[in-house]
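Novice: For reference, the sequence and a predicted model appear below.
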Amino acid sequence: MVDVSIIMPMRNASQWLPDTFKSLIEQNFTGTMELSLYNDGSTDNSIDIVHEWEPLLTPMYKIIINGHKEEKARGAGYCRNRAIDASAGRFLCLLDADDIMLKDRIRLQYEFACNNESTLG
């Protein structure tokens, strides 16, 4: 089990992925993390960008890549659920492919969750 699973649905996100991945690399959380991506049939080069960034992400994250290649999108909710199914984190952190996180987001959310676990249901 890892401390935090980053859950990221992705569809045609090539223009945003470099900034999103940069924000992942800049996280100051020192626990164990994984990035669980689910590709919702992207028709652009999103998956190529994921593979380009994989060597930069793997020192901090275990990378899990799943998805489908069908033309019809299944939606962000479906993709999040599939990414969660493939993850093993104690806590989940939802991240869209066009989001940029502040460097202390994961650390602060993890600390809060650990300090309030009994009330998180």
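Specialist: That came through, no problem.

Novice: Contacts only, for residue 11.
Specialist: By Cβ atoms under 8 Å, 6 or more residues apart in numbering, the contact set of residue 11 is 39-42, 46, 73, 79, 97. The way it works is simple: take the backbone N, C-alpha and C, and place the C-beta from them, glycine included.

Novice: Quick check: phi and psi at it.
Specialist: Torsion angles at residue 11 (phi, psi; degrees, to the nearest 10) stand at phi -150, psi 120.

Novice: Narrow the contacts of residue 11 to those that are buried.
Specialist: By neighbour count, with 16 or more other Cβ atoms under 10 Å, the contacts of residue 11 hold 39-42, 46, 73, 79, 97 as buried.

Novice: mind listing the helices for this protein?
Specialist: 17-25, 46-57, 76-85, 105-115 (DSSP state H).

Novice: on that earlier part again, and which of the buried ones among the contacts of residue 11 is nearest to residue 19?
Specialist: Residue 19 lies nearest to residue 97 out of those, by Cβ to Cβ, at 10.1 Å.

Novice: Residue 7 is in contact with the closest one, correct?
Specialist: No - with contact defined as Cβ atoms under 8 Å, residue 97 does not count as touching residue 7 (11.1 Å).

Novice: What ranges in the protein fall below the confidence cut-off?
Specialist: The chain contains residues with pLDDT under 70 at 120-121.

Novice: again, only this time at 90
Specialist: 1, 71, 117-121 (pLDDT under 90).

Novice: Identify the residues contacting residue 64.
Specialist: With the criterion set at Cβ under 8 Å, 6+ apart, residue 64 makes contact with 34-37, 83, 86-87.

Novice: let's see it at 7 Å
Specialist: 34-37, 86-87 (Cβ atoms under 7 Å, 6 or more residues apart in numbering).
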